[in-house]
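Enquirer: Sharing a model prediction with you, sequence too.
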Amino acid sequence: MLVNTGLDNLLESPPDWITGKRLGLLFNPASVDKDLTSAHIAIDRRFPGQLTTLFSPQHGYHAARQDNMIESEHLNDPDLGVPAYSLYSETRIPTPEMFKDIDILLIDIQDVGTRVYTFMYSMSYCMEVAKKTNKTICVLDRLNPIGGLTTEGNILRENCASFVGRYPLPMRHGLTMAELARLFNEEYGIGCDLKIIPMTGWNRSMFYEETNLTWIPPSPNLPMVESAVVYPGQVIWEGTNISEGRGTTRPFEIFGAPYLDTHALLEELHPREVPGAVLRPVAFEPLFNKWAGQLCHGFHIHVTDRKAFKPYLTALRFLSAFIKLYPNDFAWKQPPYEYEYHRLPMDLILGDREIREALENQTSPFELESHWQDNLDAFVKTASRFHIYQ
């Protein structure tokens, strides 16, 4: 299906209000036009001399920084000679000084549809600073790569808010970046001057591969669309001593640890077949990160039916099994995590300390799912007011 991103539509049919304005751009290497030209180059060609300031989110200008709390430096863009500020440096919040040479900040960022992915929160901080400095935000929309129909998971509680969860979203939110911006702006009270350049050709049922767009990794450990499909569940291993596959060629699709017994785990899971996926036992040695250079046993998740697969519930089922079967080996990761130095990383990732405590007490993930459903339904109703696409 032919899909034009917000960037493509801006370049093809620029609105009158952009004429003569000083422009900033929040982007990274996944921000490209239909010819795979970087957004900053394409925008400078279309609007010569107007692009004055660049910004990059977590993982840096080159999207090369591997892990959390690995900061990126500010630099001058080698192509345009303009400043490129890192929003994952000594500050995650842009300063008013960074906005001094812009009238409109364009935001062209590929999200992955999961609450803990920080790009949307960099956007929200930019929106707040734009409100304070009387600047305009314009979101050049991109599709949610795992679809816009399905939501999953508990709603983040305020006492678990952090840079991996600023707002009461479920783990899988089902929104595009522009729809998130509208939600943040109106429902959560930012109130900036917000403009949207929507996509054309996309509808909510479409996954990334159903379009003409080329997947470019938005961060180093999401190299393929399949990585993004499992990410809403597999990301929870960041809060444990289970390897999430960093340091391998299939991060997040594979997971494990030296102490796991795949046969025992398959016996514990009921039913054995996770709906919409096949769990293939694997062994792997991470080159870096957890268990670097040690043989880990675990699984590769092969998703066979994306509509049936529930990544978050699947991960919670495994987590419950790990806690039960390996009380002396399994462990929670200790702080710090994403600039939080006291709260457990798992509480920030799950967005609810009580879920972690319930799993420790062997509460079934299916029971937890039934408990959060009413809140999830309420979120879906609220979020639908900000849908741009049907």
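Expert: Cool, the structure landed.
Enquirer: pLDDT weak spots in the stretch 201-350 of the chain?
Expert: 271-272 (pLDDT under 70).
Enquirer: now the strands for it?
Expert: 254-257, 277-284, 296-303 (DSSP state E, counting those that start in this stretch).
Enquirer: just the helices in the chain please.
Expert: Under the criterion DSSP state H, the chain contains helices at 6-12, 39-46, 119-133, 177-182, 225-234, 262-268, 311-325, 345-350, 353-360, 365-384.
Enquirer: Show me the protein divided up by domain.
Expert: Segmentation of the chain into domains, based on automatic domain parsing, reads 6-214, 225-365.
Enquirer: how long is the first one end to end?
Expert: End-to-end span of domain 6-214 (CA to CA, to the nearest Å): 15 Å.
Enquirer: Stretch 381-390 too?
Expert: End-to-end for stretch 381-390, by CA to CA: 14 Å.
Enquirer: T150 against F309, yeah?
Expert: No. Checked against CB atoms under 8 Å, the pair T150 and F309 is beyond contact range at 9.4 Å. No exception for glycine: its C-beta is placed from N, CA and C like everyone else's.
Enquirer: E12 and K333, how far apart?
Expert: 46 Å (CB to CB, to the nearest Å).
Enquirer: do G113 as well
Expert: 23 Å.
Enquirer: which residue packs closest to Y259, ignoring adjacent ones?
Expert: D329 (4.1 Å; CB to CB, 6 or more residues apart in numbering).
Enquirer: For M69, give me the pLDDT.
Expert: On pLDDT, M69 comes in at 67.
Enquirer: ok, back up a step: neighbour count: E12 and K333, which is higher?
Expert: K333 (17 against 12; other CB atoms under 10 Å).
Enquirer: Tell me, how many residues neighbour the residue nearest to E338 when sequence neighbours are not counted?
Expert: In space, and not counting its chain neighbours, E338 is closest to F163: 4.7 Å by CB to CB, 6+ apart. By the measure other CB under 10 Å, the count of residues near F163 is 20.
Enquirer: Make residue 1 into 28 and carry on from there
Expert: With the count now opening at 28, the last piece we talked about shows up as F190.
Enquirer: show me the contacts for F190.
Expert: 119, 145, 148, 365-367 (CB atoms under 8 Å, 6 or more residues apart in numbering).
Enquirer: ok, 10 Å please
Expert: By CB atoms under 10 Å, 6 or more residues apart in numbering, the residues touching F190 are 85, 95-96, 115, 119, 143, 145, 148-149, 152, 364-367, 375.
Enquirer: repeat for R380
Expert: By CB under 10 Å, 6+ apart, the contact list for R380 reads 184, 186-187, 370-371, 373-374.
Enquirer: how about 7 Å then?
Expert: 187, 374 (CB atoms under 7 Å, 6 or more residues apart in numbering).
Enquirer: got it, and the one 3 residues further on?
Expert: Contact partners of R383, counting by CB under 7 Å, 6+ apart, are 373-374, 377.
Enquirer: separation between it and R184?
Expert: Here the criterion is CB to CB. By it, R383 lies 12 Å from R184.
Enquirer: again with A342
Expert: Remark: distance between A342 and R184 (CB to CB) = 19 Å.
Enquirer: got it, and V309?
Expert: Distance of V309 to R184, given as CB to CB: 35 Å.
Enquirer: Which among the domains of the chain is found nearest to S411?
Expert: Among those, the nearest to S411 by CB to CB is domain 33-241 (9.5 Å).
Enquirer: residue nearest the centroid of this structure?
Expert: With the centre of the chain defined as its mean C-alpha position, the nearest residue by CA atoms, centre = their mean is Y144, 2.7 Å away.
Enquirer: Pull the contacting residues for the nearest residue to it once chain neighbours are set aside.
Expert: Setting aside the residues directly before and after it, Y144 is nearest to D138 in space (CB to CB, 6+ apart), at 6.3 Å. Contacts for D138 (CB under 7 Å, 6+ apart) come out as 144, 146-147, 171, 204.
Enquirer: right, and out of those residues, which lies closest to P105?
Expert: Nearest to P105 among those, with distances taken as CB to CB, is F146, at 22.9 Å.
Enquirer: Verify the stated contact: the closest one with P84.
Expert: Yes. Using CB atoms under 7 Å, F146 makes contact with P84 at a distance of 4.8 Å.
Enquirer: any common contacting residues for the two?
Expert: I136.
Enquirer: So for these two, which sits in the more crowded spot?
Expert: Neighbour count, other CB under 10 Å: between F146 and P84, P84 has more, with 27 against 23.
Enquirer: so how far is S270 from the more buried one?
Expert: On the measure of CB to CB, P84 and S270 end up 25 Å apart.
Enquirer: Which parts of stretch 105-122 count as buried, going by neighbours?
Expert: 107, 109-115, 119, 121 (16 or more other CB atoms under 10 Å).
Enquirer: To clarify, my last question referred to stretch 312-329.
Expert: 313, 316-318, 323-328.
Enquirer: Same list, the strands of the stretch 228-377 of the chain, but as JSON lines with distance to T241 please.
Expert: Formatted as JSON lines, these follow (distance: least, CB to CB, whole Å):
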{"stretch": "strand 281-284", "distance to T241": "24"}
{"stretch": "strand 304-311", "distance to T241": "25"}
{"stretch": "strand 323-330", "distance to T241": "20"}
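Enquirer: Kindly state which of those strands is positioned closest to L167.
Expert: Closest among the strands of the stretch 228-377 of the chain, once you apply CB to CB, is strand 323-330, at 28.9 Å.
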